[in-house]
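Enquirer: here's a sequence, model it:
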Amino acid sequence: MIVLENIEKTYGAGETATTVLQGINLKIEEGEFVAIMGPSGSGKSTLLNILGTLDVPSSGKYLFFDTEVGNLNQDQRALFRRHVLGFIFQGYNLLKKTTSLENVEIPLIYQGLDAMTCKKMAHEALEKVGLKDRVFYEPGQLSGGQQQRVAIARAMVTRPKVLIADEPTGNLDTKRGHEIMELITTFNKQGITVIMVTHEEDIAAYASRTIHLRDGMIEKEVNRAS
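Expert: Take a look at the predicted model:
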């Protein structure tokens, strides 16, 4: 599904150039759950941003099925994110003074769906994450775990092929963090490919495979698939 070939990322030029990723070769199969780990500065966030087309590599190839993502222009990458990817962030990134329903509707509105369809799909998504009774609550009225559930509903409402999760449990206590991971695992079992950055071993254990980065290179892989 996803193939990275000799991906490199360098910021700056000349004496100030900093290479963040070097020689990354990686394959991710459809329906797989992959965790990315590594110390600060290892390049894991940069790799996730490239996979999510929020950044572009300096060299190398990024193939999604038969499409070379590196050949897409800025507008095409935006469409790719809109229709293929779902994003979950550590900080939730919900709009304040906006209800859960309205937050979840946003990606559907960007897809150009009519108001009635947006509301129906957003209601269904919130029900799936256990927030049927919090539809009209604003972020300030929700706990951290509930806000992350809204963020998951927003990410999944468009039925993406790939879920990109950046430290999805980073702002949560242990219990709430594992509740969120159980929810993400449920979507993965439904066929959604999950790519997640985490620094927590117990959270990475939910993945079928963990990629360990160090100094911008893949240090090792741990495969938990049975």
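Enquirer: pLDDT at S226, what is it?
Expert: At S226, the pLDDT value in this model is 54.
Enquirer: how about residues contacting stretch 62-82?
Expert: Residues outside stretch 62-82 that contact it (CB atoms under 8 Å, 6 or more residues apart in numbering) are 1-5, 7, 50-54, 56-57, 60-61, 84, 87, 107, 110-111, 158. From N, CA and C alone the C-beta is placed, and that goes for glycine too.
Enquirer: sorry, wrong one. I was asking about stretch 181-195.
Expert: By CB under 8 Å, 6+ apart, stretch 181-195 touches 1-2, 28-34, 36, 48, 51, 86, 88, 129-130, 149, 152, 156, 160-165, 168-169, 196, 203, 206-207.
Enquirer: please produce a PyMOL select command covering the buried subset of those.
Expert: In PyMOL, a selection of the buried entries from the contacts of stretch 181-195 looks like this (16 or more other CB atoms under 10 Å):
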select buried, resi 2+28+32+33+34+36+48+51+86+88+129+149+152+156+160+161+162+163+164+165+168+169+196+203+206+207
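Enquirer: from E102, how far off is D215?
Expert: 43 Å (CB to CB, to the nearest Å).
Enquirer: what about those two, which has more around it?
Expert: Under the criterion of other CB atoms under 10 Å, the comparison of D215 against E102 puts E102 first, with 18 against 14.
Enquirer: show the average pLDDT along the helix ranked longest in the chain.
Expert: When the chain is parsed with DSSP state H, its longest helix is helix 174-189. In this model, helix 174-189 carries a mean pLDDT of 94.
Enquirer: partners of the helix or strand that it is followed by in the sheet?
Expert: Moving toward the C-terminus from helix 174-189, the next helix or strand (DSSP states H and E) is strand 193-197. Sheet pairing of strand 193-197 (DSSP bridges) gives strand 33-37 (parallel), strand 162-166 (parallel).
Enquirer: hmm, who's touching the last one?
Expert: What it means is strand 162-166. 2, 45, 48, 51-52, 84-90, 155-156, 184, 187-188, 192-197.
Enquirer: now, the contacts of stretch 181-195 that are in helices?
Expert: Those of these lying in helices (DSSP H): L48, L51, R149, I152, M156, I203.
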